[in-house]
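**Q** Could you work out the structure for the sequence below:
(2 chains)
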Amino acid sequence: MKIALLLSLIWVPSVALGQMQRTATAQAFGVSVSTATVNQTTPSAVAPAEGGMAQNDAGEVNIASLVTVQNAYVVASGWSDDGYSDAVSTASLGSVNILNGLITANGVVAIATTTADGSDAYGSSLANLVVNGVAVSAPGPNTRVDLPGVGYVVLNEQISTGSGITVNMIHVVLQSTGLLGTQTLGNIIVGSASSSVN
Amino acid sequence: MTNLRLLAALPATVAVVLLASSCDTRHAVAPEIGKPSFHFDILECRPFKMTGGGRIDYPPGTADKNPPASHEYETFGAHVISEPNGQTDELGHCLGAKGSLEWVDHRPEWNINGRPLNLHSLEIRWADFATDTDCADGGARWGGVLVIKNTGQQSQFEVFDCDNGEPGAGHDGFGIRLWDFPYEVLCFDSSLPPAEPSCTLTGGNRQLHPTH
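**A** Below you'll find the model as predicted:
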């Protein structure tokens, strides 16, 4: 009887400790276009589920003449480890041209970081950004700019996911307005990084 | 009977105590932001893992970001898993390591063949755990062989890797030196000779895993 009770002293905590295992996820991509006719994301990297790092790059990306990007590099690193889990993803791009010059930039960095202590987007930046002919310097998180006849763009988009963060440096929402109201036709995202630790 | 009741209540109590201690997050430290001061001179062979990545704004390599339009920054991902096999190389480095490194230097002067300098590891050969650093959570020096993807040239390299608390931006450090190609991103601190320091991260994180 006493032996059984003593064993339970050891067994119960071990089950509880098993429940503390955290899962780290990280992914990044350079450009993503999703419309009724186009659905493409490149280059992209997803950290291995068992822990590790993935990377990818592209010298030039042109998706359906909607967006062109040069020198895109993405890295995703995620490690699950009790108390030390961490996830970091980065997307960096050179020159960017969206919708035939409606939005341009020549340096985009998205960084998402998550540890046991929280998430942040430190290090993310936009260089020489011009939106609809107007220069935009260091936009704050989730800065929205309307694009008449096109929709709107969210700059430095930071979405908290509870266990992590997604950072989209340029997120264009394509819309149409008609008799049925405003409808979303698609999305263009340039420079995206996500990280989480559950 | 009373004793039995007390004994039966113990597992839950012990579980709560152990659970609390196992989930105890490590306390963030508050080093002097913008003043990296890491030594990497006294090293030992020890199992560990260092993971993460991020951004450095070098030069100067401090905690402040350069203006984005300057393109004076580097982005990277890197991890090393140290599993010492009891052997050292001719320089005394601990053999038995694996991992990977991906490094991009966005500075215009490092644009080679139309693309930013891009370093990609081929093999991680050694990893030393630094015991004399003031990296709060731990520091390491490790290296191997990489390829300069712009040209195909290979080079030996070493990195200086520092987990200095949370968040990584403004605290942690990373630096790299190539041996067969004239390139390095290191932030020396003359106030701490002999210093072979890392540059402070402006984004991302370095995470030491004491065991793996």
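
**Q** which residues touch the closest residue to chain B within chain A?
**A** Per C-beta to the nearest C-beta, residue A:123 is where chain A lies closest to chain B, at 1.4 Å. Every C-beta, even on glycine, is put in place using the N, C-alpha and C of the backbone. Counting by C-beta atoms under 8 Å, 6 or more residues apart in numbering or on different chains, residue A:123 touches A:90, A:109, A:111, B:54-55, B:65, B:169, B:201-204.

**Q** Let me see the ranges of the helices in chain B.
**A** With DSSP state H as the criterion, chain B has helices at B:2-22.

**Q** ok, now chain A?
**A** A:2-18.

**Q** So which helix or strand of it has the lowest pLDDT on average?
**A** helix A:2-18 (a mean of 45; mean pLDDT, DSSP states H and E).

**Q** okay, now residue 198: neighbour count?
**A** By default, I'm working from chain A. By the criterion of other C-beta atoms under 10 Å in any protein chain shown, residue A:198 has 15 neighbours.

**Q** Actually, chain B is the one I wanted.
**A** Per other C-beta under 10 Å, the neighbour tally for residue B:198 reads 30.

**Q** ok, it to residue B:164 distance?
**A** According to C-beta to C-beta, to the nearest Å, residue B:198 stands 9 Å off from residue B:164.

**Q** Surely residue B:71 touches residue B:107?
**A** Yes: counting by C-beta atoms under 8 Å, residue B:71 does reach residue B:107; the two are 6.0 Å apart.

**Q** Among the two, which residue is more densely surrounded?
**A** Remark: of residue B:71 and residue B:107, residue B:71 carries more neighbours, 20 against 17, as counted by other C-beta under 10 Å.

**Q** Find the nearest non-adjacent residue to the more buried one, please.
**A** Of all residues not flanking residue B:71 in the chain, residue B:106 sits nearest, at 4.9 Å (C-beta to C-beta, 6 or more residues apart in numbering or on different chains).

**Q** contacting residues around the one you found?
**A** Residue B:106 sits next to A:92, A:94, A:107, B:71-75, B:116 when contact means C-beta under 8 Å, 6+ apart.

**Q** May I ask which of those residues has the most neighbours?
**A** Highest neighbour count within the contacts of residue B:106: residue A:92, with 30 neighbours (other C-beta under 10 Å).

**Q** bridging residues for that one?
**A** residue A:73, residue A:109 (DSSP bridges).

**Q** hang on, the earlier thing: let me know the closest of the contacts of residue B:106 to residue B:131.
**A** Among the contacts of residue B:106, residue B:74 lies closest to residue B:131 (C-beta to C-beta), at 27.5 Å.

**Q** how much space between the closest one and chain A?
**A** Residue B:74 sits 9 Å away from chain A, going by C-beta to the nearest C-beta, to the nearest Å.
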